[in-house]
Every structure is written in C-alpha cells, then in structure tokens.
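Engineer: sequence plus predicted model, see below.
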Amino acid sequence: MMEESIEDLQGGPETNTGDNADHFDDTLDDPTVEEEIDDDVYEDTNNNTPTDEELFTDVSPTEIPEVSPQFQYHLFVHLKAGHDLPPKKQNGSSDPYVKFLMNGKTVHRSKTFHKDLNPNWDESFMASVPDLSRHMEIRVFNHNLVKDDLIGSFPLDLVSLSQNKSLDLKVSLEDASTGASEGLGSVSVGLNLVAVPLDLACQAPAPAYQAFPTPPPVKRKESELKKEKTPSSPAVLSLSLIEGKDILGTKDVSGIHELYCKFRLGNESCKSKIVSSSSNPRWSEQFDLLIPDEDQIQELEVKVKDLKSKDVLVGRCSFNLNALEKEKSHQVWIDLENCEGSLFLILAVTGTKPSSKSNVRVLTPEQFGDNLGSLSISVNAAKGLTAAKLAGYSDVFCVVELDNSRLQTHVEYKSLAPVWCKTFLLPVMDIHSAVYVSVYDLDKNHKTELLGKLCIPLLNIESNTPKWFALKDKKLRGRAKGNCPRIELEFDLKWNFLKAAFLTVNPKDEVYLKKSEKFKRRLLNNNVIRIKSILAEMKSTALALYSSINWESRTWTAGAFLVFLTVTFLFELFMLPLVLSIVFVQKYVATMRNRTASGAEEGELVVVDNREEIDIDKEDNICFAKIMQMVQDAFPMVQNYLGLVASAVEKLKNTLNWTVPFLSILAVITLIVVSIILFFIPVRFIIMTAGSTKFIKNLIWPGYVTNNEVMDFFSRVPDDEILEDSRELSIVGEETDVLVDKSKKLL
C-alpha cells in the first residue's frame, strides 16, 4: 500500500501503487485467500501516515474537487482496532464498540469487546454515499445494561478524501461536548472512497472501481487462466434436525442427559447444540452441508452423543441420500443402530444447476395428492444488490421457504445482478401460509450474510405473472441496502377452495423450524405501543358511551335510547349472526371506498433504526447475575403475552376490514348459515348437538384432538405485524428518483 501525502489529498499527482498493490490484487483474485484484509495491508512501511489534523484541516475550499453527478460513491471502511481507551466501569475496564454514522443515521455497528481497552475489531464494510457533502462520524461507546456511555467521537470529511485510493488513519477520539481529546484513546481505520459511474452501479465493478484499485491485468497463459476461473457452485444438503424419540430407550427414562448430534457428509461436518433432556430431545436446528458431486452423493453419517457421560456414543446410523428426489424436502425418521431410538430429520438435496434433470418435473406443476395444492415459484434474477465484499461484488444465492420446505438456488459468483432462472415446486399445506424469499452472500468460509428478504402470503400471489419485488432488511420493515435491491419472481399457485375452507377450521400443521423469541427491547416497546393504541380506541368508545348515558348530546342520546328499546324488544337470536354479516358488508364497502379515494398513492415504509438488543453481561457479583437472570426469564413471558393480546385484537379488526377476502367471505357464509340454522332449529337443540358431538368424537375416534373451530379460524387471520412484513415496496420510478435526487444534491 502506497504512502499517502498531503499533496495526494489535495488532488496532486498519483504515484505508482507498487508491489503492495500487486500483492492486494493477487489477494482479491486468489480464491484460497480469506476475504478479511490483514492489518499489514494498510500499514505504511515508512510510518509516514498523515495525522487526522493534516487530513481534515489543511485542505482549503478552493482545492476541493468538483463533484460530478455521473458518479455513485461508495466508502469502503476497515475498522482495525482501538488503542488506550479509557475505563468506564468500576472494575477498571470497558466494553467498547464502534458506530459509524452518516448524517446522524447508523450505517454500521461493530461487535462488542468485553473488558478490553485495546480491542482488535478487524471488521470491514461498505457504505453508499449519496452526497459527498455529507459527513461521517465515528463514535465509540461503552456497552451498559441500561444506557451505553459515549467514550468519544471523530468526524470524517468525505470531500477531502482522495478517490479510488486507500488510506490508513489513526484518529484521536474527542469529547462531544468540550472537544478535548486527552485520555480518550484512538481508533485505527482504513478508508477508500470509490467513484463508480452510474451506468455501472448495478453491475460488478471493474478493477478500476473496486475497493482498492489495481493495475491493468497482465496477459497470462491459458493454463493460468483456467486455474482462476470462477468456482463451480456445489449442491447443498439442507438438513433440519427436529427431534429424537426414545433415544435412551428404557435404560434411563427419568435421568437427564445432555445430548447432541454430529453429522458428516464426505469432508463436511456439523454439530448440533446440546439439549438437556431425557429420551425425547428437541433441537429444531438447520444446517447446510456442501455436496461436491451431486450425481454421486456420499452417505450421511449421524452420531448421537451424551456430553454428561463424557461424550459417550449413544447411537449412530447412516442414510443413503441418492434415494432422495432432488429439489424437494423429505421428512424422514431414521432409526439408530445402537439403541431403540430414532431421529426426525427434514432433508433436501438442493442448489443444483437449472439444467439438472431433477428440475424437469417443475415445468408442469400438478396437484399434490393429500396436500391442499402446489406452488411453482420461478426465481429469475435480482438487481441492485449491495456489495458484501471489499472487491465490490457478492457471491449470491437465493433461499425459498414455505412451511417446512426449504430450497435454494445455485451460487452466482462475483455479481450484483445475478440470474438464476430456477424453478421450484413446493407443496401447499395451508393456504394461509407465507413464502419467505431470502437472498444471501456466501463467503469463502461458507458463512452467509443476508442481502435482502421478502415475505409473500399465498393469498396475495398473482399466478403466471413475472413481477419485480423490492427486497427488505432482516426485520422486514425497511429497504435492504443497495441500489433499490429487487428480485424477479413468477408464481403458479393451484389450490382447492373447499378443502382450504375445511382446513381453515381445523388445527394448523406444525412448523418445526420456529425461532424462539428472546428478550428484545425493541420488541417489548413495539408490543407496548400496540397495546396502548388498542387501549386508546377502547377508551374513546367508552367515553362515547359515557357521554350518551349522561345526555351530553340530547339529540344523539335520545336517538340511541330509541334504537336500544326497539332492538331489545324485537331481537331474536337468529338475528345476531345476520347483523354481524351486515357489519362485514358495511366494512367491505368502507374499505373499497378508502381504496378508491387513496388511488395510486402508496405509502413508503418507514425505516426503523437498528436498535440495540439487551445483552446481559456476566458480572462478578453472583447474586446480581441470578437476579438479572430471573428478570430476563420473566421479560419474555410478559413480552409474548402483550404480543398475544395485541395480535388477537388486530386479527378481529382485520377480519372485519376484509384484509384477507377469503377469510371474510368464509366468515360471512358461515354467519348466514348459522342464522338459517338458528331460525329453524331451537338453540337448545343446537347446544345439545354441539356438546354431544364434542363428547362422542373421542368415543368413536380414540385419540382425537379436541379443537375450537373459532380459534382455529382466527389463527389463520394475519395481525398487523404479519401484514407489515408482507407489504410490498414500490419499484416503478424508484431508481430514477434516487438518481435524480443524487444529481440535484451533487449539482
């Protein structure tokens, strides 16, 4: 890496990058080298790295280069380490982490180092810069349980940075209020401001526009070029470990054991979490194992061990994966050889090339035997994805999930606009489920980074129509990072209306891979806000009734009193479902009227800031740790109960508002049928028949699970959180507006 001088920062002539740039170029091109950038890449061999005062104070306004609107700017940052940070805790240490903010909004947050005054973060990220006049600020915090302490900050002036040139900095932190920098420590960072032409913004950047510019490519022999070809995308075994049954048999039923599983497929292996259980442990974990040769797949080896008994082997087995149909999820019970127990797994050989023979069947989707229907989903392409690697590209693949099915595409290497053209055929068990489409980047350690996510309810799907969907972030609230990231999908949904209506009032099939909700401050605050809004509506209704009773408005109270007397005198029980169906119709008319009034206006999702999750530290005081553990265990229960109450009220509201027309139609038909039954049949006979049915069912069908049809119906109704997750973002005109706004600001 070349030395940076003050003449370079002021637009002086560029010097040759030398051997260090060649070394970094080879590092980027060599697939065996880690993506992380070592500290020595940024080090200045002559120790002549300019100070932060020279960089950001000695540049005169007349020497600032003119900004051209034909470029899009990306700032590549390598956060190295902190030096001599002040202690903020009573034990003489700190738990530091760093935030990078642009115009007050967080663009990156580092991991937290506990009890370390000289943390070595070694993290890299890229931030899009809409306007060079914007300032970036580095803030270092000390993590606390309630409120984090600000250690110090440092502002970065982006205009004074040289473009397409890497730079090392060791900035001294300053006090936000006084501006003093003594005793606050410093932070080492590497910076590179890359200018990319707008016509190349959605493509993988050329070497001149990568994170660290490299010399022009040298002509090489054909044998050398073959070695440097893009690696082929291997198939993947998607393995979901759900639960075990009678693992220890009758040996030790009452004892508690710490069981875990180990899987091996060729050179790939993985290990599950440890579960303290008796004979029926439940893991609910998902793993991905690479398959080098999808035509000759090796056997899957499974071992179950007990950590409490010093890793003694409880049972083992093997499974032949060649018998599985590719690009399809299979639920299998595997018997263990050394014991009486068995394991429940969900296996799928996926990630195959589109030309694979296993994909021929998805071209003509048909109804699935005992299932409700089938969904054919074609993942065509994506555009505008963010660059997850410092070289300015991503290795992208897409994952499609529906209930207990999980399939993925092959990996498109070094691309920000991948083209997959992959079609999947998924069974539909419940028409009220939702499809989750996630786009990931794959690094060389086989770790993934989420680039964008999408939630689409099945009832909102338009069949046989290719459509671009805007990708969202991990929380499904705001847009994903990138240049208006989007993905093109095409669906073909086939299902049976009568069978769906029957399944709607029956227990829902279990989704095995559900994430257990931990305590999150953001989720608790969100549930409290939902409850407050519901209570406010109930309070306004109660105040209206109170004002009517107290004759505050004589005309209104007199009319309400006459209506009350008339309804009470003429009311019959069969009228109740009929009145409720009339309420549905009235809400439907109001909903259609509101949609017509709104027209083509589409609200934009509000980007929710990434808020901190509470991470309870292990303190030296054992009693305090126990108390905090009790609080931590109690908070999720309160949080979840608040969510259930809010969800129940929102589901009732969404049923009346025709949010899901299928469910509202089903409710109206049911209410009318109940009204007719109540009109012709006395209510006492209906109650006797319903009660007798509940008692006789278990007599005729032993083991029948008694259910509540009304509760099963409402379990299919989405609440406001689900509706917000599945809300589509606008695409038309978004990219053009973004470019126009950037040009205006730059001019």
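Structural biologist: That came in fine, so what should we check first? Just so you know, these numbers come straight off a predicted model, no measurement behind them. Residues are numbered from 1 along each chain as shown.

Engineer: can you show me the strands along the stretch 301-450 of the chain?
Structural biologist: Along the stretch 301-450 of the chain, counting by DSSP state E, counting those that start in this stretch, strands occupy 312-319, 330-335, 342-350, 373-385, 396-402, 405-408, 419-428, 434-442, 448-457.

Engineer: pull the CA atoms of the second one into CSV?
Structural biologist: I take that to be strand 330-335. These are the backbone C-alpha positions of strand 330-335, laid out as CSV (Å, rounded to 0.1, in the frame of the first residue of the first chain):
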residue,chain,number,x,y,z
HIS,A,330,-38.3,-35.0,2.6
GLN,A,331,-39.4,-35.7,6.2
VAL,A,332,-37.8,-38.9,7.4
TRP,A,333,-37.5,-40.8,10.7
ILE,A,334,-34.1,-42.5,10.9
ASP,A,335,-33.6,-45.5,13.3
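
Engineer: could I get the strands of the stretch 301-450 of the chain in JSON lines, plus columns for mean pLDDT, mean neighbour count and distance to residue 81?
Structural biologist: All C-beta spots, glycine's among them, are computed from the backbone N, C-alpha and C. Shown next, in JSON lines, are the strands of the stretch 301-450 of the chain (pLDDT from 0 to 100; neighbours: other Cβ atoms under 10 Å; distance: least, Cβ to Cβ, whole Å):
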{"stretch": "strand 312-319", "mean pLDDT": "88", "mean neighbour count": "17", "distance to residue 81": "43"}
{"stretch": "strand 330-335", "mean pLDDT": "90", "mean neighbour count": "13", "distance to residue 81": "47"}
{"stretch": "strand 342-350", "mean pLDDT": "92", "mean neighbour count": "21", "distance to residue 81": "40"}
{"stretch": "strand 373-385", "mean pLDDT": "92", "mean neighbour count": "22", "distance to residue 81": "30"}
{"stretch": "strand 396-402", "mean pLDDT": "94", "mean neighbour count": "24", "distance to residue 81": "31"}
{"stretch": "strand 405-408", "mean pLDDT": "93", "mean neighbour count": "24", "distance to residue 81": "36"}
{"stretch": "strand 419-428", "mean pLDDT": "92", "mean neighbour count": "21", "distance to residue 81": "39"}
{"stretch": "strand 434-442", "mean pLDDT": "94", "mean neighbour count": "21", "distance to residue 81": "25"}
{"stretch": "strand 448-457", "mean pLDDT": "92", "mean neighbour count": "20", "distance to residue 81": "22"}
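
Engineer: show me how far stretch 295-306 is from its chain's centre.
Structural biologist: 30 Å (Cα atoms, centre = their mean, to the nearest Å).

Engineer: kindly report the same for stretch 426-437.
Structural biologist: Using Cα atoms, centre = their mean, the offset of stretch 426-437 from its chain centre is 18 Å.

Engineer: how far does it stretch from start to finish?
Structural biologist: End-to-end distance of stretch 426-437 (Cα to Cα, to the nearest Å): 13 Å.

Engineer: need the strands of the stretch 301-450 of the chain in a markdown table (columns: distance to residue 302).
Structural biologist: What follows is those, written out as a markdown table (distance: least, Cβ to Cβ, whole Å):
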| stretch | distance to residue 302 |
| --- | --- |
| strand 312-319 | 5 |
| strand 330-335 | 7 |
| strand 342-350 | 7 |
| strand 373-385 | 31 |
| strand 396-402 | 24 |
| strand 405-408 | 19 |
| strand 419-428 | 25 |
| strand 434-442 | 25 |
| strand 448-457 | 24 |
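
Engineer: please identify which of the ones you listed is closest to residue 496.
Structural biologist: strand 373-385 (6.2 Å; Cβ to Cβ).

Engineer: once you drop chain neighbours, what's closest to the residue nearest the centre of the chain?
Structural biologist: When the chain is reduced to its mean C-alpha position, the nearest residue by Cα atoms, centre = their mean turns out to be residue 474, at 2.8 Å. Sequence neighbours aside, residue 450 is the residue nearest to residue 474 in space, at 5.6 Å (criterion: Cβ to Cβ, 6 or more residues apart in numbering).

Engineer: circling back: figure out which of the strands of the stretch 301-450 of the chain is closest to residue 164.
Structural biologist: strand 373-385 (21.7 Å).

Engineer: between the closest one and strand 448-457, how many degrees?
Structural biologist: 130 degrees (axes from the mean of the first three to the mean of the last three Cα atoms, to 10 degrees).

Engineer: just give the strands next to strand 373-385 in its sheet, each with its orientation.
Structural biologist: strand 419-428 (antiparallel), strand 482-495 (antiparallel) (DSSP bridges).

Engineer: give me the neighbour count for residue 530.
Structural biologist: By the measure other Cβ atoms under 10 Å, the count of residues near residue 530 is 20.

Engineer: likewise residue 264?
Structural biologist: The burial count for residue 264: 17, using other Cβ under 10 Å.

Engineer: shouldn't the residue nearest to the centre of the chain be in contact with residue 453?
Structural biologist: Yes - at 6.3 Å, residue 474 counts as touching residue 453 under the criterion of Cβ atoms under 8 Å.

Engineer: same for the helix or strand where residue 722 lies, what does it pack against?
Structural biologist: Secondary structure from DSSP states H and E places residue 722 in helix 720-725. If contacts are counted by 3 or more Cβ pairs under 8 Å, 6 or more residues apart in numbering; DSSP states H and E, helix 720-725 sits against strand 448-457, helix 622-656.

Engineer: list the buried residues in that helix.
Structural biologist: By neighbour count with 16 or more other Cβ atoms under 10 Å, helix 720-725 contains the buried residues 720-723, 725.

Engineer: now, among those, which is nearest to residue 641?
Structural biologist: Using Cβ to Cβ, these come closest to residue 641 at residue 721, 15.2 Å.

Engineer: contacts only, for the closest one.
Structural biologist: Residues in contact with residue 721 (Cβ atoms under 8 Å, 6 or more residues apart in numbering) are 647, 650.
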